[in-house]
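Colleague: predicted coordinates and the sequence they were generated for:
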Amino acid sequence: MSRIAVLSGGHSLERQVSLKSGARVADSLRALGHEVTAIDVGADLVTRLQEAKPEVAFVALHGRDGEDGTVQELLEVMGIAYTGSRVSACIRAADKVLAKHAFRDVGIPTPEFFAFNETAFKVLGAGQALPEVEQTLGFPIVVKPASQGSALGIKFARSTSELPAALVAAFSYDRKVLLERHIAGRDLAVSILDGPDGQAQTLPIVEAMPEQEDFYDFESRYEIGRTRFACPAELPAAVAAKANELALAAYNVLGCGGFARVDLMLDAQSSELFVLEVNPIPGLTETSLLPQASDAAGIDFDQLIARIVAAAIS
Amino acid sequence: MKSSAMRDLMALTERPDVISLAGGLPDTSTFPPDSYASLMGTVAARSCARALQYGPTEGLVAVKRCITQVMAAEDMHVENAEILVTTGGQQVIDLVCKTLLDPGDIVITEAPTYPGAVPTFCAYQADVVQITMDRDGMVIDELERKLAELEQAGRKPKFIYTVPNFHNPAGVTMSLERREALVRIATQREILILEDNPYGLLRYEGEPLPTLYSLDNEFVIYASTFSKILSPGVRLGWTVAPAPVLAKMNIGKQSSDLCSSSVSQYFVEAYFDSGPWEDYVRSLIEIYRKRRDVMLDALAENLPREARWTHPQGGLFLWVTLPDYIDTTDLLARALQEHVAFVPGRAAYLDGRGGSEMRLNFSGVDEDQIREGVRRIGEVIREQVAMYGTLTGIAPSAPLGARLTGSGTSAKRAKGPTPDPQPAAPDAELAKVLQMPRKRAG
């Protein structure tokens, strides 16, 4: 049995979800017989880690600083083994723009997109190029902050007049924003878990279905009671196989490890699959998708956590 | 219910490194610790066993005597039997819903409405109809139109919820004419009004207006609290309601919590016995008036011309309206990066409105923090206005404060940056009110 520090909370906008993930992980680790120190990540993180002297850090942080390689870098410096993806994979996955470029470079289908820094608009007059962006992507355009993990800041611009406000909103979260073609269709999540042999394996696909069909109400997709989840998603075998294949390709091209969740869209018209993003530290709460998928695969939560820890130590 | 993302965002406003203009907190640091110790000593000496015991559901007679004093200060005269002591004013809202509402029943509120009432109305599955406010409070013409529409559809609201004095969150005060009209409509249509008056005694300018209850007590359920004149920590409020409603609320309270805290009630009794309760209220008024003025000055100095805000004559809050291309939920995420917080406007609506509005509190933090907090909020708003300008070619305007500096005037606070929904100068409606006779207790 090991000394394990569970890192959760922090200062990101996903602090609350992280606290829930962390509490559940800590319970599970205790049930597995480990010696657990729960750390709400703040300015005293290094001191707390020096005191706790963990053999492994379970990183249950979401969003900025926790999922983007920052904490991982610190753990590397301190020589502490940690769960999940390494620094470089976190950096690539947390930045949707970097990730999408990586997908596109190797031919993984991802919705067509453009991305701009604030300075592109402020200094280079990128606003004047928006008509070309609109023409290429077509409406509605999905506008996202490059590195925000939750639904916050994601806007659908349905017309030219709505685009500036959507951009202003997205810039509230990040200095870089993504403008993406909207794919109308089914919302799929493929969870990935490294097996005991170190090989990444996909878990049953989860489909998120809004109770009220409204493409533009993005938040409702993640709201309990307003979204239904089906696991395994009812998909033709060939489609499910393709989704798994693309998800693994996305996981590998970013260099992820341990576990992750890959979000995809299944285009309702063309039946094509598109990878939207990879979450290097997906939620681990009772309603989160990865634990649902793991459960459907016959791996209960304690077993899931045990495997994630084993992958970190190996 | 608010979305989970919004709840998570609001949780971040409570971080200690954040200047929070989001809370609704009175400043309890102004209450002398010695007085508190002495009062609790009195409770221990005089009523230890009773303070540690259950009490009557309707509340202690001694506390009701305190309540009659407080109500008399606003020209309302009630008997002990008409009062139900509650666990904060919030419990009154809950008990009224519990007593009167079936799922799907209509409740009318102002737009915006008290954000703390929103979860209560949702929990009882009320169908909430929100009536627009202007600088004179709820727009009565709109209310009448809505009531007529509902009547045609064979529906009648169970009650009208209103905060006439120094509205939370809007910071406006209902004019006398509107008060009279609202009470008249309620009487004609036999609709109950829930008058929530937590801030009535915290007036910083102008003359008091009569409460709805004092205009007509037949259809008014009156709610108030010790939270703003003494302490929210004692968790004591009260209601005065028509007898059949009060009886039902009493039964409802039995099932909720049997009785409100006896310790708190004996504390309140000891406090009222210890000297004039109005002195502390007066000291709070002085502190909050200055903080309000500091906030109004800071807004004029720091917010761009595109922003508008209300000028509260009392209470704890003011309401800011930004251009519609700014989403204040997203703006809060940006503001939190600068360690400052406010309440996004959507929290005060049940119909998705309020996306470009925000509530600011000026009672909970000191003057320096208000200045700094507003400066940071101004900065992030200006940043977004400028970005929008860059994207659309619309040039942003300078803040009003900056323009006035050049002209050497100090009138920025009184004027507000744009046509103000609640100007400082008394308007025609308020002029009438200035003549109102008024009794003061104590």
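Modeller: Cool, got the structure.
Colleague: I'd say B:G171 and B:G315 touch.
Modeller: Yes. Here B:G171 lies in contact with B:G315, judged by C-beta atoms under 8 Å, at a distance of 6.5 Å. For every residue, glycine as well, the C-beta is placed using N, CA and C.
Colleague: now do the strands in the stretch 1-150 of chain B.
Modeller: B:19-20, B:83-86, B:106-111, B:127-134, B:137-138 (DSSP state E, counting those that start in this stretch).
Colleague: count of neighbours near B:R289?
Modeller: Residue crowding around B:R289 was assessed by other C-beta atoms under 10 Å in any protein chain shown; the count is 17.
Colleague: please apply the same query to A:A238.
Modeller: A count of neighbours around A:A238, defined by other C-beta under 10 Å, yields 9.
Colleague: so it belongs to a helix, correct?
Modeller: Yes. Under DSSP: H, G, I helix; E, B strand; the rest coil, A:A238 sits within a helix.
Colleague: what about it, distance to A:G63?
Modeller: According to C-beta to C-beta, to the nearest Å, A:A238 stands 35 Å off from A:G63.
Colleague: got it, and B:G352?
Modeller: B:G352 sits 26 Å away from A:G63, going by C-beta to C-beta.
Colleague: which one of those two is surrounded by more residues?
Modeller: For B:G352 versus A:G63, neighbours defined as other C-beta under 10 Å are more numerous around A:G63 (23 against 7).
Colleague: and residue 56, what does it touch?
Modeller: Because you didn't say which chain, this covers chain A. A:S2, A:R3, A:I4, A:A5, A:I80, A:A81, A:Y82, A:T83, A:V309, A:A312, A:I313 (C-beta atoms under 8 Å, 6 or more residues apart in numbering or on different chains).
Colleague: meant chain B, my bad for not saying
Modeller: B:P56 neighbours (C-beta under 8 Å, 6+ apart): B:C259.
Colleague: quick check: closest non-adjacent residue to the residue in the stretch 1-150 of chain A that chain B sits nearest to.
Modeller: Taking C-beta to the nearest C-beta, chain B has its nearest neighbour within the stretch 1-150 of chain A at A:Q16, 4.1 Å off. Nearest residue to A:Q16, sequence neighbours excluded (C-beta to C-beta, 6 or more residues apart in numbering or on different chains): B:D8, at 4.1 Å.
Colleague: just to check, that neighbour is in contact with A:S12?
Modeller: No. B:D8 is beyond contact range of A:S12, at 9.8 Å (criterion: C-beta under 8 Å).
Colleague: the two: who's more crowded?
Modeller: Ranked by neighbour count (other C-beta under 10 Å), B:D8 and A:S12 place A:S12 first, with 23 against 20.
Colleague: hang on, isn't that one packed against A:V71?
Modeller: No. The criterion here is C-beta under 8 Å, and A:S12 misses it with A:V71 at 10.5 Å.
Colleague: how far away is the residue most central in space within chain B from B:G355?
Modeller: Centroid-nearest residue in chain B: B:N168, 2.9 Å away (criterion: C-alpha atoms, centre = their mean). Per C-beta to C-beta, B:N168 is found 19 Å from B:G355.
Colleague: same check, this time on A:D44
Modeller: From A:D44 to B:G355 the distance is 38 Å (C-beta to C-beta).
Colleague: could you say which helix or strand contains A:A5?
Modeller: strand A:3-8 (DSSP states H and E).
Colleague: and that strand, anywhere near chain B?
Modeller: No. Strand A:3-8 does not reach chain B (C-beta under 8 Å from any C-beta of the partner chain); its nearest approach is 13.5 Å.
Colleague: walk me through which strands that strand pairs with, and which way each runs.
Modeller: strand A:35-40 (parallel), strand A:56-59 (parallel) (DSSP bridges).
Colleague: which other residues reach it?
Modeller: With C-beta under 8 Å, 6+ apart as the criterion, strand A:3-8 contacts A:18-19, A:21-23, A:25-26, A:29, A:34-41, A:45, A:48-49, A:52-61, A:66, A:71, A:80, A:309.
Colleague: C-alpha coordinates for the helix or strand just after that strand, PDB please?
Modeller: Heading C-terminal from strand A:3-8, the first helix or strand you meet, by DSSP H and E, is helix A:15-31. Output of helix A:15-31 as PDB, limited to C-alpha atoms (Å, rounded to 0.1, in the frame of the first residue of the first chain):
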ATOM      1  CA  ARG A  15     -12.800  24.000  -8.600                       C
ATOM      2  CA  GLN A  16     -16.100  22.600  -7.300                       C
ATOM      3  CA  VAL A  17     -16.100  19.700  -9.700                       C
ATOM      4  CA  SER A  18     -12.500  19.000  -8.800                       C
ATOM      5  CA  LEU A  19     -13.300  19.000  -5.100                       C
ATOM      6  CA  LYS A  20     -16.000  16.400  -5.700                       C
ATOM      7  CA  SER A  21     -13.700  14.300  -7.900                       C
ATOM      8  CA  GLY A  22     -11.000  14.500  -5.300                       C
ATOM      9  CA  ALA A  23     -13.200  13.600  -2.400                       C
ATOM     10  CA  ARG A  24     -14.500  10.500  -4.200                       C
ATOM     11  CA  VAL A  25     -11.000   9.500  -5.300                       C
ATOM     12  CA  ALA A  26      -9.700   9.900  -1.700                       C
ATOM     13  CA  ASP A  27     -12.500   7.700  -0.300                       C
ATOM     14  CA  SER A  28     -11.800   5.100  -2.900                       C
ATOM     15  CA  LEU A  29      -8.000   5.100  -2.200                       C
ATOM     16  CA  ARG A  30      -8.700   4.700   1.500                       C
ATOM     17  CA  ALA A  31     -11.000   1.800   0.800                       C
END
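Colleague: elements contacting helix A:15-31?
Modeller: Packing partners of helix A:15-31 (3 or more C-beta pairs under 8 Å, 6 or more residues apart in numbering or on different chains; DSSP states H and E): strand A:3-8, strand A:35-40, helix A:301-313, helix B:4-12.
Colleague: compare the ones you listed and give me the one nearest B:I326.
Modeller: With respect to B:I326, and counting by C-beta to C-beta, the nearest of those is helix B:4-12 at 15.7 Å.
Colleague: angle of that closest one against helix A:15-31?
Modeller: Here the directions of helix B:4-12 and helix A:15-31 differ by 90 degrees (axes from the mean of the first three to the mean of the last three C-alpha atoms, to 10 degrees).
Colleague: how far does the helix or strand bottoming out on mean pLDDT in chain A sit from the chain's center?
Modeller: The helix or strand of chain A with the poorest confidence is strand A:227-230; it has a mean of 85 (mean pLDDT, DSSP states H and E). Taking C-alpha atoms, centre = their mean, to the nearest Å, the mean C-alpha location of strand A:227-230 is offset from the chain mean by 18 Å.
Colleague: so what does it touch, helix or strand wise?
Modeller: strand A:206-210.
Colleague: how near is B:L84 to B:A62?
Modeller: 15 Å.
Colleague: okay, those two: which has more neighbours?
Modeller: Set B:L84 next to B:A62 and count neighbours by other C-beta under 10 Å: B:L84 wins out with 27 against 16.
Colleague: what's the pLDDT at residue 123?
Modeller: Just so you know, I chose chain A. Note on A:V123: pLDDT of 87.
Colleague: sorry, should have said chain B
Modeller: For B:A123, the predicted pLDDT is 95.
Colleague: could you measure from the residue nearest to it when sequence neighbours are not counted over to B:T57?
Modeller: Of all residues not flanking B:A123 in the chain, B:C97 sits nearest, at 7.6 Å (C-beta to C-beta, 6+ apart). Distance from B:C97 to B:T57, counting by C-beta to C-beta: 18 Å.
Colleague: who's more crowded, those two?
Modeller: A direct count of neighbours by other C-beta under 10 Å for B:C97 and B:T57 places B:C97 higher, at 23 against 20.
Colleague: please consider this matter closed, and thank you.
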